[in-house]
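[1] fold the following.
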Amino acid sequence: MHPDDTPEQKQTATRPADRPTDAASAERTIGRHRAPEPPRRGPLASTSARVAVATGVTCCLGLVAVIGARDTGQRHEPVREVMADRAAAAAEAEQRASRDFQRTAPPVAVPVTPIPAATPSPTPTRKAPRKPVRPKHPRPVAGLDQRQMDNAKVIVDVGRGMKLPRRALIVAIATAMQESNLYNLASDVLPESYDYPHQGSGSDHDSVGLFQQRPSSGWGTVAELMRPAYAARAFYAALAEVPGWADLSITEAAQAVQVSAFPDAYAQHEERATTVVDALI
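    Reported below is the predicted structural model:
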């Protein structure tokens, strides 16, 4: 009891000592009517401690924020540097490999023909019909057999090759019809003539071949005159030397070349000769 307390306070302070100490009274003392114990103070009970802790937490949070901001701004810089270093290292390795190793030469480039741009196809035009190709063995006409027709074709082909007109061809065919009936004849007088391809024989002096030309008269050798193409060319060359032959009749033109003993005999073959020539040109 404090010295300054009043008598009532002093009496009240001593009152608990006079209370009975039985069990019921003790139970009431520790029950819900028990006076609360004073609160215990922990390490942060004082104001100064709480202030210190709050200050420390604030500083830590600020430091973490600064470090996080710095990391956020520089996060991609190391990655970029690493990628750049890797690219430089790869380029250096490839260049070093190119210098260090022997490489084969590239294959020769094959020129490629450029494909022209597609152009619209022109309107098809009607082509002129081709002239039919004549067979090697033409069909016989004017009562001739195949051998005679083949010999007539040789005579016509030679004349066309010499650029001679149609009338010269008719004169030549009519002459061969009269002289040899369009057969390549050997001569009984010249046994040599049988050494060459022939289609019969004659006995008119030394006359041989389609036009019965005589080697003794300077027309050529037996071997040459037994060739139908040579005999025809020799006849055309002599006809071309006759002045105005184109204006002469068939008989006159043929006689001027052949000097035959029967000059009028050539005229009878003019019509048939014309038919043969027309079939071969």
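[2] now the helices for this structure?
    Counting by DSSP state H, the chain has helices at residues 7-14, 23-30, 47-73, 76-100, 146-161, 166-180, 222-225, 228-240, 250-258, 270-280.
[3] any weak-confidence spans in this structure?
    1-80, 82, 89-125, 128, 131-135 (pLDDT under 70).
[4] hmm, A265 is touching T175, no?
    No - applying CB atoms under 8 Å, one finds A265 not in contact with T175, separated by 9.9 Å. Every residue, glycine included, has its C-beta placed from N, CA and C.
[5] ok, these two, which is more surrounded?
    Set A265 next to T175 and count neighbours by other CB atoms under 10 Å: T175 wins out with 28 against 18.
[6] from Q212, how far out is the more buried one?
    9 Å (CB to CB, to the nearest Å).
[7] same question for S180.
    6 Å.
[8] so what's the residue count around L239?
    With other CB under 10 Å as criterion, L239 counts 22.
[9] and the nearest residue to H198 once chain neighbours are set aside, what does it touch?
    Once flanking residues are discounted, H198 sits nearest to A186: 4.1 Å by CB to CB, 6 or more residues apart in numbering. A186 makes contact with S193, Y194, Y196, H198, G200, S201, G202, V208, M226, according to CB atoms under 8 Å, 6 or more residues apart in numbering.
[10] make it 6 Å
    Neighbouring residues of A186 by CB atoms under 6 Å, 6 or more residues apart in numbering: S193, Y194, H198, S201.
[11] then L182?
    Q148, N151, A152, A176.
[12] switch to 8 Å and redo it
    L182 sits next to L144, R147, Q148, N151, A152, I173, A176, L210 when contact means CB under 8 Å, 6+ apart.
[13] out of these, flag the one nearest to R130.
    A152 (24.2 Å; CB to CB).
[14] next one: the residue nearest to that closest one when sequence neighbours are not counted from N181, what distance?
    Spatial nearest neighbour of A152, excluding adjacent residues (CB to CB, 6+ apart): V276 at 5.1 Å. From V276 over to N181 the distance is 13 Å, taken as CB to CB.
[15] comparing those two, which residue is more hemmed in?
    V276 (30 against 15).
[16] okay, how far is it across stretch 195-202, tip to tip?
    Using CA to CA, to the nearest Å, the end-to-end distance of stretch 195-202 comes to 15 Å.
[17] tally of neighbours for the nearest residue to A223 once chain neighbours are set aside?
    Using CB to CB, 6+ apart and skipping the chain neighbours, the partner closest in space to A223 is Y196 (6.2 Å). Counted by other CB under 10 Å, the residues lying close to Y196 total 16.
[18] for Y196, what are its contacts?
    Taking CB under 8 Å, 6+ apart, we find Y196 in contact with A186, V222, A223, M226, R227.
[19] number of nearby residues for the residue nearest to R167 when sequence neighbours are not counted?
    Spatial nearest neighbour of R167, chain neighbours left out: A246 (6.0 Å); criterion: CB to CB, 6+ apart. Look at A246: counted by other CB under 10 Å, it has 13 neighbours.
[20] going forward can the numbers begin at 130, since that is how I track them
    All set: I'll call the first residue 130, so the last point we hit is now A375.
[21] how close does the residue nearest to H327 sit to M278?
    21 Å.
[22] do D335 as well
    With CB to CB as the criterion, D335 and M278 are 28 Å apart.
[23] Q277 and P269 touch, don't they?
    Yes - Q277 is within contact range of P269, at 7.0 Å (criterion: CB under 8 Å).
[24] which one's more surrounded, these two?
    A count of neighbours by other CB under 10 Å puts Q277 above the other of Q277 and P269, at 20 against 16.
[25] skipping its backbone neighbours, what lies nearest the more buried one in space?
    Q277 sits nearest to L311 (CB to CB, 6+ apart), 3.9 Å away.
[26] list the contacts of stretch 290-303.
    Contacts of stretch 290-303 (CB under 8 Å, 6+ apart): 281, 284-285, 288-289, 311, 361-362, 364-365, 368-369, 374-375, 379, 382-383, 395, 398-399, 401-403, 405-406, 410.
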